[in-house]
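Asks: Predicted model, plus sequence, below.
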Number of protein chains: 2
Amino acid sequence: MADPARGFRRSEFLRRRDALQVGMADAGLNALLLTTAPDIFYVTGFLTRFWESPARPWFVVVPATGDPVAVIPSIGAELMGQTWISDIRSWDAPDPEDDGVSLLAETLADLVPERGLVGTPMGLETHLRMALGDYLALTARIAPRQMVDATDVVQRVREVKSEAEVTKIRAACAVADRTFARVPEFAGAGRPLDAVFRDFQRVLLEEGADWVSYTAGGAGQGGYGDVISPATAQPLARGDVLMLDTGAVRDGYFCDFDRIYAVGPPAADVLRAHAALYAATDLALETLRPGMTAAEAHRILCEGLRAQGATPGGGRLGHGLGVTLTEWPSFTPKDKTVLRAGMVLTLEPGAEIAPGRILVHEENIVLRETGPELLSSRAPADLPVLE
Amino acid sequence: MADPARGFRRSEFLRRRDALQVGMADAGLNALLLTTAPDIFYVTGFLTRFWESPARPWFVVVPATGDPVAVIPSIGAELMGQTWISDIRSWDAPDPEDDGVSLLAETLADLVPERGLVGTPMGLETHLRMALGDYLALTARIAPRQMVDATDVVQRVREVKSEAEVTKIRAACAVADRTFARVPEFAGAGRPLDAVFRDFQRVLLEEGADWVSYTAGGAGQGGYGDVISPATAQPLARGDVLMLDTGAVRDGYFCDFDRIYAVGPPAADVLRAHAALYAATDLALETLRPGMTAAEAHRILCEGLRAQGATPGGGRLGHGLGVTLTEWPSFTPKDKTVLRAGMVLTLEPGAEIAPGRILVHEENIVLRETGPELLSSRAPADLPVLE
């Protein structure tokens, strides 16, 4: 598959703007204030790793009609000027006296009537990326305009991916597919886990990742425990199960899936758990449909596991992804978010083999009207064995 | 130099706890609420790339006396249990009904008297990493206890590094030093910039980075413009100046410095600008002392540039670093933060060669009573030339 072109056409951003403005109108919002890297990237195409520095806040205001306005540190003005955004207002940040608050307040006063509402995401899986004190000062400065929660407005738009976005995520998945195929080159009995993690990132770059924002993994005899720790120098040993998981980034879009490997011949309980994970994923691939809720997806995966005699484990059993490693919804019993065609999701069943020993299997899909379409290449049905 | 051991002794964390509690007592705080990856890593040693997922909030509460309490998603309980923290309270996140708010409110009610004050960072270069709506609900839940700004309490402690921390940052700098020495292996005329960026990250991993949270760069004829863009496939050409900048991470600590290379013989104005940057850095290395302010450091670097006939450019001319890529203070005319022995800082003079063409030079130092000690190996005085 040829790599897709970089960036998006202007029409993609106009579609996003229009969709947000429809949601804003429904919610009675006069403007939307965005502060995080993914929300700002989504609306503008502004893509940079500079967000790694917590020094400066960045703002984009989507008005009720017309184009978004960027209110950003001057260091980013040139790059923002290369996007489709034309109204760019900047200040020299960080400024201990006024770090963009006045400029943002003036912009909101320009765009929002006095009794108007400014929405910003305040709900689950969101945060406000600006100094809390500045936010409180802003709310006073723009009064009687009011700040209100706009989580739903943003999430209902971002969660349904365009074909252009699906193409980006598929390309990120292909990078990881090629990398997982090369794991036997650098992982096996005797190899320290931290060296394996380092090579895993190196090969992701070689296979086309722009950068590697996330890798995780685990290894242990007959299954692993915690999946969020950095690697230690402990060498892999025969009888271990190795899990490698990645969020590699290509053109601003993530993949997020893992692969499992046995080091030497796997134990019978590992093979049983792996078969259960595989069957549960198959069941979800066959039966998941738009209109179901995230909670129903959770139920399908749990039933698939239990039908094979496995015990569901490992937290939520899937989630959204796209411009961040993980997006809502979460496949948990409590998440009633309705699944819609165009959502990109992980199927991530976990099985507990014994207390503290789990296996997790993960695929990335786009949900179509007819059911899931795989974006990752389906993992092999037989657990791969490393020597 | 042998790589330092991983992690810190318990005594390091006790020192941090005590220093925070002294600052809290001075500020009249009954507890400190921390929500960001660097603040939580600093207090607990909890190190994971899992922060890349925005799905879940994480909380640490430092009480006025006694040990910190972690209030975290259950998926992190095992890893937190490997740190020195013993009081770990967890819930299954993300939970759309109550994403840790009740557990956190109960914890604060346990630790803080009814009329007490809970501090959290609200100032410059900080943000609150939890859903804003949950924060507002929390403030109502814990009333009459009040939330107040604790930026100074955290920053005055975190900004002075222990010798153990300096050792970590020196190790991260050494990774970048070894990588920069290998740039001629993968950069030169005809090589596309995106391939150079990818190899730069690959070699950082080979040279010992645990992961590469940040790389940036630029290339252009006789100087580069914006320094925060992703790389394009444009090949390097003779006459270009190439800048590569990195925040590579080792054991949770960052380096942050760049190196500049000429592609083919450099133009006279490039050589003059490079000599000015070098001389300005020398001036700062010779004259910077504890007791000066960040604004005075800015003045020294500007004077060093102007003495060589160069025009200062490129934003702030230095900043702190450590557990994030950039930390306060900022070398700008407005930042009155007092520099103290033990601060780890970048010296980052920029010179404008022509409108839209800059050069930036960067070194990492620890400020001692007697002046700066380099943590990066001093860049060569003569601009390196790539063929």
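Replies: Happy to help now that I have it. Numbering: from 1, shown residues only, chains lettered A, B, ... in the order given.
Asks: And the residue lying closest to A:E207 once chain neighbours are set aside, which helix or strand is it part of?
Replies: Spatial nearest neighbour of A:E207, excluding adjacent residues (C-beta to C-beta, 6 or more residues apart in numbering or on different chains): A:R178 at 4.2 Å. In this view, the C-beta of every residue, glycine as well, is placed from N, C-alpha and C. Using DSSP states H and E, A:R178 sits within helix A:163-181.
Asks: right, and the helix or strand after that helix?
Replies: Counting by DSSP H and E, what follows helix A:163-181 is helix A:183-186.
Asks: Domain boundaries for chain A, per the record?
Replies: Structural domains annotated on chain A: A:10-158, A:163-386, as defined by automatic domain parsing.
Asks: can those go into CSV with extra columns for mean neighbour count, mean pLDDT and distance to B:L138?
Replies: CSV is the format used below for those (neighbours: other C-beta atoms under 10 Å in any protein chain shown; pLDDT from 0 to 100; distance: least, C-beta to C-beta, whole Å):
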stretch, mean neighbour count, mean pLDDT, distance to B:L138
domain A:10-158, 19, 97, 12
domain A:163-386, 20, 96, 20
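Asks: Which of these sits closest to B:A5?
Replies: domain A:163-386 (11.0 Å; C-beta to C-beta).
Asks: Next, the distance between the ends of stretch A:307-325.
Replies: 30 Å (C-alpha to C-alpha, to the nearest Å).
Asks: That one near chain B at all?
Replies: Yes. Judged by C-beta under 8 Å from any C-beta of the partner chain, stretch A:307-325 and chain B are in contact via A:315-316, A:319, A:324-325.
Asks: out of those residues, who's nearest B:F8?
Replies: A:L325 (27.7 Å).
Asks: Sticking with the nearest residue in space to the closest one that is not next to it in sequence, tell me its helix or strand.
Replies: In this structure, A:L325 finds its nearest non-sequential neighbour in A:G247, 3.9 Å apart by C-beta to C-beta, 6+ apart. In this assignment (DSSP H and E), A:G247 forms part of strand A:240-250.
Asks: now A:F200
Replies: Using DSSP H and E, A:F200 sits within helix A:193-206.
Asks: ok now that helix, how far from the chain's centre?
Replies: 21 Å (C-alpha atoms, centre = their mean, to the nearest Å).
Asks: Could you confirm A:L108 falls within a strand?
Replies: No. Secondary structure of A:L108 (DSSP: H, G, I helix; E, B strand; the rest coil): helix, not part of a strand.
Asks: Phi, psi for A:S90 please.
Replies: When read as degrees, to the nearest 10, the backbone of A:S90 gives phi -140, psi 160.
Asks: residues contacting it?
Replies: Counting by C-beta atoms under 8 Å, 6 or more residues apart in numbering or on different chains, A:S90 touches A:70-74, A:76-77, A:103.
Asks: elements contacting the helix or strand harbouring A:V153?
Replies: A:V153 is part of helix A:151-158, with elements assigned from DSSP H and E. Applying 3 or more C-beta pairs under 8 Å, 6 or more residues apart in numbering or on different chains; DSSP states H and E, one finds that helix A:151-158 contacts helix A:10-27, strand A:31-34, helix A:37-44.
Asks: Adding distance to A:T107, write those out as CSV.
Replies: Listed next are the helices and strands packed on helix A:151-158 as CSV, based on distance: least, C-beta to C-beta, whole Å:
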stretch, distance to A:T107
helix A:10-27, 16
strand A:31-34, 9
helix A:37-44, 14
